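1. 3D model of this:
(2 chains)
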Amino acid sequence: MTPALEVRDLVKHYPFRRGLFGRGGSGAVHAVDGVSFALPRGETLALVGESGCGKSTIAKLILRLIEPTAGTVLLDGQDLADMRGEALRQARQRIQMVFQDPFASLNPRLSAADIVGEPLVNFGHGDAAARSAKVDALFDRVGLARYQRDRYPHQFSGGQRQRLGIARALALNPSVVVADEPVSALDVSVQAQILNLLADLQRDLGLSYLFISHDLGVVEYVSTTVAVMYLGAIVEVAPRQRFFSAASHPYSRALLEAVPSPDPTRRKHRSLLQGEVPSASALPSGCRFRTRCPKATDLCAQAAPAMREIVPQHFIACHHIENA
Amino acid sequence: MAISENAGLVLPLRRTVAFVGFLRRHPTILFGLAVLLVAILVALVSPYLLPDSKAINPIYRLRPPGADFFFGTDHLGRSILSRSLNGTRVSLAVGILVAVVVTLAGVTIGLLSGFLRRLDSIVMRVMDGIMAIPGVLLAIALMSLFGSSLQNVVIAISIPEIPRMARLVRSAVLSIREQPYIDAAITNGTRLPRLLWRHVLPNTVAPVLVQATYVFASAMILEAVLSFLGAGTPPEVASWGNMMAEGRQYLQRAPWMTAFPGVLLAFLVLTVNVVGDALRDAIDPRLAGRQK
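-> Numbering: from 1, shown residues only, chains lettered A, B, ... in the order given. Modelled structure (predicted):
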């Protein structure tokens, strides 16, 4: 079966010139540098990584909110990356997005019902009465009350706003939902409600989620598969249980060890990462993680490690991990 | 359900209630709007209630203000009171029309050049070109080209004012287009015209409204300047600029000829500016008290 969403060798470079008239030479910020992954139907792929590693850029590239430099984005086997105009607009019905900021992602001048109903108007779904009924159904579905239809975004709480954003994303019955840090702006108690809502929707509607997050606690709760990004590239992919028990890439290990433990007697030995993330416009030679890697050797500086499958479904890009 | 059936009816009512509440919280705006309303009323009614402003009566020429002529008479014996109040018509008409024309043109240009980057560099260079010429000079040149009539005055004053409005809208659009709700609208399949009309335009209303009041005020001044220089409304029309121009020759013998239209112009411009300032402060409290 074809995956719901497959990304192959996605690249986004932002070229720049230094100095007056480019005399300082030119270069490019490698925001996303050859990312590939597949999202099977009905599953959740969690994309994790620290700020600035290119997670959100990938979300925008997939939805074509920014133009990819190279690569393909296959939605049900169709390439989104070279569609244009009306074809692209039609294809967007099948892939929708939930945004990080529940405040800035809702137009402050539209009422809640208008926000949720907009996608239906854009694609001419039914007459006004049918659309209104559909909006009511969506409100029920995401746990908003119908009497709140005529309110404006500023009259809702953060969690309610995110429910509005989810209702809007569901209006067109998409098969794939890209959720870019959907709960990171919310209180912890509200986070749980929204995550449960997303899980219910997935179960009932068979949605596939690309779930972008930097919070491993959240990822452990929602994901089927975890992909770790570092500096514009994926360094490890593993099924959830495998990842949280046996992540092997030094960067993944560092991320997991940085999660605070609720048990004070269980002090883990921590290998905190040294140094800073290198600039995405001057990547290190070879492995991009070598400047901060405790295991780095000469080999790491000479050759970039390729993605290898060390056990079935567990992929890793590192020279120093043996095949199991 | 009763609620959803009434939804169409409830919303306008709720907006009216919200507007009344807004005015109660901002008495300056309420007062300013009341003054403007009175001025509009005067402009509409005065030609029918007062003696004919065009009636020449040389016997009573250059009479000082008194019981017979509250504001005095001019060098042709015409009542300054009639002429001054009739002059409100010209000033208000020019001010309102220019504000409308400038807003429509400026918003259209700003919206398009803010969203269509290819158009932007060309359009903005044209706007820079217009801005480089002093407004009065450009207006005089345009008036001598078109000939004097009320309609041409509006056009001649609008053209120098358009670039400022266009730039304001463009800068607002540039920041709005980066908002996630625009990304969301695009993902939801919104076509460009609807995107601009429903998602971008409504969010530029606040700064545009404020700028429109400033255009209103400066258009009234510019109209008076043009008329004063003889490049504005035709001489037979009683406008404050024309009256001050005629009064200039009699400034020492009959200062009231110049004083009354001058004071009225200053008062009306001040009112519009105060409303504009209060509106800006009410809409964007961060700017309140600054820029003085």
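
2. helices along chain A, start to end?
-> For chain A, the helices defined by DSSP state H cover A:55-62, A:85-91, A:112-122, A:128-142, A:158-170, A:188-205, A:216-222, A:240-246, A:250-257, A:298-302.

3. remind me which residues of the stretch 1-150 of chain B are low pLDDT?
-> For the stretch 1-150 of chain B, the stretches with pLDDT under 70 are B:1-12.

4. swap the cut-off to 90 and go again
-> Under the criterion pLDDT under 90, the flagged ranges of the stretch 1-150 of chain B are B:1-27, B:43-84, B:86-87, B:90, B:115-118, B:135, B:144, B:146-150.

5. what lies in contact with the one helix or strand residue B:247 maps to?
-> Residue B:247 belongs to helix B:240-248 when assigned by DSSP states H and E. Contacts to helix B:240-248, defined as C-beta atoms under 8 Å, 6 or more residues apart in numbering or on different chains, come from residues B:74-75, B:80, B:83-84, B:87, B:90-91, B:223-230, B:232-233, B:235, B:254-255, B:257-262, B:264-265. For glycine as for every other residue, the C-beta is placed from the backbone atoms N, C-alpha and C.

6. still on that earlier bit, right, so of the helices of chain A, which gets closest to chain B?
-> Distance to chain B, taken as C-beta to the nearest C-beta, is lowest for helix A:112-122 among the helices of chain A, at 4.1 Å.

7. buried residues of the helix holding residue B:247, list them for me.
-> Of all the residues in helix B:240-248, those buried under the rule 16 or more other C-beta atoms under 10 Å in any protein chain shown are B:240-247.

8. now these as TSV including pLDDT?
-> Rendered in TSV, the data for the buried residues of helix B:240-248 read as follows (pLDDT from 0 to 100):
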residue	pLDDT
B:240	93
B:241	91
B:242	91
B:243	91
B:244	92
B:245	91
B:246	90
B:247	90
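
9. chain A: which of those residues is nearest?
-> Scanning the buried residues of helix B:240-248 for proximity to chain A, where the rule is C-beta to the nearest C-beta, the winner is residue B:240, at 39.0 Å.

10. nearest spatial neighbour of that closest one, chain-adjacent residues omitted?
-> residue B:261 (3.8 Å; C-beta to C-beta, 6 or more residues apart in numbering or on different chains).

11. so who does the one you found touch?
-> Residue B:261 touches B:80, B:83-84, B:87, B:240-241, B:243-244, B:247, counting by C-beta under 8 Å, 6+ apart.

12. which residues does the residue nearest to the spatial centre of chain A bridge with?
-> Central residue of chain A (C-alpha atoms, centre = their mean): residue A:212, 2.8 Å from the mean position. Taking DSSP bridges as the rule, residue A:212 bridges to residue A:47, residue A:180.

13. quick check: it touching residue A:181?
-> Yes: counting by C-beta atoms under 8 Å, residue A:181 is a contact partner of residue A:212 at 5.7 Å.

14. joint contacts of the two?
-> The contact sets of residue A:212 and residue A:181 overlap at A:55-56 (C-beta under 8 Å, 6+ apart).

15. for the residue nearest to the centre of chain A, give me its contacts.
-> Neighbour list for residue A:212: A:46-47, A:55-56, A:58-59, A:178-181 [criterion: C-beta under 8 Å, 6+ apart].

16. about what we covered before: with mean neighbour count added, can I get the helices of chain A in JSON lines?
-> Formatted as JSON lines, these follow (neighbours: other C-beta atoms under 10 Å in any protein chain shown):
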{"stretch": "helix A:55-62", "mean neighbour count": "22"}
{"stretch": "helix A:85-91", "mean neighbour count": "13"}
{"stretch": "helix A:112-122", "mean neighbour count": "23"}
{"stretch": "helix A:128-142", "mean neighbour count": "16"}
{"stretch": "helix A:158-170", "mean neighbour count": "24"}
{"stretch": "helix A:188-205", "mean neighbour count": "15"}
{"stretch": "helix A:216-222", "mean neighbour count": "19"}
{"stretch": "helix A:240-246", "mean neighbour count": "16"}
{"stretch": "helix A:250-257", "mean neighbour count": "20"}
{"stretch": "helix A:298-302", "mean neighbour count": "14"}
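
17. would you turn those into CSV with mean pLDDT?
-> Formatted as CSV, these follow (pLDDT from 0 to 100):
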stretch, mean pLDDT
helix A:55-62, 93
helix A:85-91, 91
helix A:112-122, 94
helix A:128-142, 94
helix A:158-170, 95
helix A:188-205, 94
helix A:216-222, 92
helix A:240-246, 91
helix A:250-257, 89
helix A:298-302, 87
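
18. can you pick out the most distant pair from the contacts of residue A:212?
-> A:46 and A:56 (14.1 Å; C-beta to C-beta).

19. please identify the residues of the stretch 151-300 of chain A in proximity to chain B?
-> A:165, A:168, A:171-172 (C-beta under 8 Å from any C-beta of the partner chain).

20. CA atoms of stretch B:113-131 as CSV?
-> Extracted C-alpha coordinates of stretch B:113-131, given in CSV (Å, rounded to 0.1, in the frame of the first residue of the first chain):
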residue,chain,number,x,y,z
SER,B,113,1.9,45.9,-4.6
GLY,B,114,2.2,44.4,-1.1
PHE,B,115,1.1,41.0,-2.3
LEU,B,116,2.3,40.8,-5.9
ARG,B,117,6.1,41.3,-5.5
ARG,B,118,6.7,41.8,-9.2
LEU,B,119,4.3,44.7,-9.4
ASP,B,120,5.7,46.2,-6.2
SER,B,121,9.1,47.6,-7.4
ILE,B,122,7.5,49.3,-10.4
VAL,B,123,4.5,50.8,-8.6
MET,B,124,6.5,52.0,-5.6
ARG,B,125,9.0,53.8,-7.9
VAL,B,126,6.0,55.7,-9.4
MET,B,127,4.8,56.5,-5.9
ASP,B,128,8.2,57.7,-5.0
GLY,B,129,8.2,59.9,-8.0
ILE,B,130,4.9,61.5,-7.1
MET,B,131,6.1,62.0,-3.5
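
21. so what's residue A:221 closest to, chain neighbours aside?
-> residue A:195 (5.9 Å).

22. on that earlier part again, and the helix holding residue B:247, how far out from the chain middle?
-> From the chain centre to the centre of helix B:240-248 is a distance of 21 Å (C-alpha atoms, centre = their mean, to the nearest Å).

23. tell me the buried residues in whichever helix or strand comes after it?
-> Once the chain leaves helix B:240-248, the next helix or strand it forms, by DSSP H and E, is helix B:256-283. For helix B:256-283, a neighbour-count test (16+ other C-beta under 10 Å) marks B:256-262, B:264-265, B:268-269, B:271-283 as buried.

24. for helix B:256-283, give the mean pLDDT please.
-> Mean per-residue pLDDT for helix B:256-283: 91.
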